[in-house]
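> Pasting a predicted model and its sequence here:
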Amino acid sequence: MTAALLEAHRAIRKYSTTWYVPVTTMPAGLNEALSSAYLLMRAIDEIEDHPELPPKEKDVLLCGISAVLQERCRPEDFKAVLADCSVELPEVTLRIGEWAELAPPQIAPRIRETFATMAERMGGWALHGWRIHTERDLDRYTYAVAGTLVLLLSDLWSWYDGTRSDRTLGVGYGRALQAVNIYQDKGEDLGRGVDFWPDGWDAARLRGYAMRELARADRYLAQLPAHGPAFRFCSRPLAAAWRAVSGGPGP
Ligand SMILES: CC(C)=CCC/C(C)=C/CC/C(C)=C/COP(=O)(O)OP(=O)(O)O
């Protein structure tokens, strides 16, 4: 294992109880691609969630990162975007150039495309104060920050060993996991002034939304080759998501 990949795994361990094992146990090639993807996601997510950054500045930083991802991804260009930030940013964000370089060149542009688009959309959500009033708003948010990740995952499985997967069900997998996070993190999110719950929704309604998407995620998983890397990557986080919503108020 290269020093760069080892560093990436250390960074993932700091942030994720859910994804550390799935990412770091993947075979060579997929491992670098998924490590790069996870850390690019975390790097931009830390800007979206930052408690002290003003919304306008979040949008400027996220659109600046998006632009560099659409250009040559030079580490110095990421540094220039982040240099004038008014608050201290976490290491995972400051090292975004390193994470972008980890991706294998044959598939790197596909990974960068996901995060170029995601960063721009996140900037818009932050700028407008995450106005999530209806189920359609929630659909659009869960698509932007998680559904599109599984579209990327499906392309990675296909690139790696030709694994075919259902991208419609894949969007459900992403939405499900994001909805479960929103279900679990309500107090924490409200504490920093962000409300992802559509107007008038109670726990039973959000849990119903999550369970409908979890059922799609189950079908996504069931269609993957048993015991292949894609199946192994997706199964554990999905089981954890089901556990998180089991036993709560019914839909
Ligand atoms: C390789 C890669 C991009 C993996 C992510 C795949 C995926 C479908 C993510 C859904 C979005 C989500 C719930 C992220 C939270 O991760 P987190 O690390 O905050 O989760 P945790 O707090 O539960 O550990």
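Received, thanks.
> tell me the phi and psi of residue 130?
The phi/psi pair for residue 130 (degrees, to the nearest 10) reads phi 50, psi 60.
> Give me the secondary structure label for the nearest residue to it once chain neighbours are set aside.
Nearest in space to residue 130, with sequence neighbours left out and distances taken as C-beta to C-beta, 6 or more residues apart in numbering, is residue 194 at 5.3 Å. Quick note: C-beta positions are derived from backbone N, CA and C, even for glycine. Three-state secondary structure (criterion: DSSP: H, G, I helix; E, B strand; the rest coil) places residue 194 in coil.
> same thing with the one 10 residues further on?
Each residue gets one of three states, and residue 204 gets helix by three-state DSSP.
> count of neighbours near it?
Residue 204 sits with 11 neighbouring residues when counted by other C-beta atoms under 10 Å.
> Tell me how far it lies from the ligand.
To the ligand, residue 204 is 21 Å away according to C-beta to the nearest ligand atom, to the nearest Å.
> again, but for residue 36
Computed as C-beta to the nearest ligand atom, the residue 36 to the ligand distance reads 9 Å.
> got the CA coordinates for the helix or strand of the chain with the lowest mean pLDDT in PDB?
Using mean pLDDT, DSSP states H and E, the weakest-scoring helix or strand in the chain turns out to be helix 186-191, at a mean of 94. Below are the C-alpha coordinates for helix 186-191, written out as PDB (Å, rounded to 0.1, in the frame of the first residue of the first chain):
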ATOM      1  CA  LYS A 186     -32.500  16.100  13.900                       C
ATOM      2  CA  GLY A 187     -31.400  17.600  17.300                       C
ATOM      3  CA  GLU A 188     -27.800  18.200  16.100                       C
ATOM      4  CA  ASP A 189     -28.900  19.800  12.800                       C
ATOM      5  CA  LEU A 190     -31.500  22.000  14.500                       C
ATOM      6  CA  GLY A 191     -28.800  23.000  17.000                       C
END
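> That helix: how far from the chain's middle?
The chain centroid and the centroid of helix 186-191 are separated by 19 Å, computed with C-alpha atoms, centre = their mean, to the nearest Å.
> Give me the residues contacting it.
Contact with helix 186-191 is made by 182, 195-197, as judged by C-beta atoms under 8 Å, 6 or more residues apart in numbering.
> and what of stretch 26-35?
With contact meaning C-beta under 8 Å, 6+ apart, stretch 26-35 is reached by 5, 8-9, 12, 22-24, 99, 102-104, 107, 111, 156, 159-160, 229, 232-233.
> I'd like to know how many residues surround the residue nearest to residue 130.
Other residues within reach of residue 194, judged by other C-beta under 10 Å, total 18.
> quick one, phi/psi of it?
With angles defined as degrees, to the nearest 10, residue 194 sits at phi -120, psi 130.
> likewise residue 131?
Its backbone dihedrals place residue 131 at phi -70, psi 90, with angles given as degrees, to the nearest 10.
> and it, what is it in contact with?
Applying C-beta under 8 Å, 6+ apart as the definition, the contact partners of residue 131 turn out to be residue 137.
> mind checking how far it is from the ligand?
For residue 131, the distance to the ligand - C-beta to the nearest ligand atom - is 20 Å.
> Looking at per-residue confidence, what score does that residue get?
Reported pLDDT at residue 131 in the predicted model: 95.
> Would you check how far apart it and residue 197 are?
12 Å (C-beta to C-beta, to the nearest Å).
> now swap in residue 52 and tell me
Computed with C-beta to C-beta, the distance linking residue 52 and residue 197 is 24 Å.
> who's more crowded, the two?
residue 197 (19 against 9).
> In three-state terms, label that one for me.
Going by three-state DSSP: residue 197 is coil.
> just checking, it touches residue 206?
Yes - here residue 197 reaches residue 206: they are 6.1 Å apart, a contact under C-beta atoms under 8 Å.
> anything in contact with each of the two?
Both residue 197 and residue 206 are in contact with residue 182, where contact means C-beta under 8 Å, 6+ apart.
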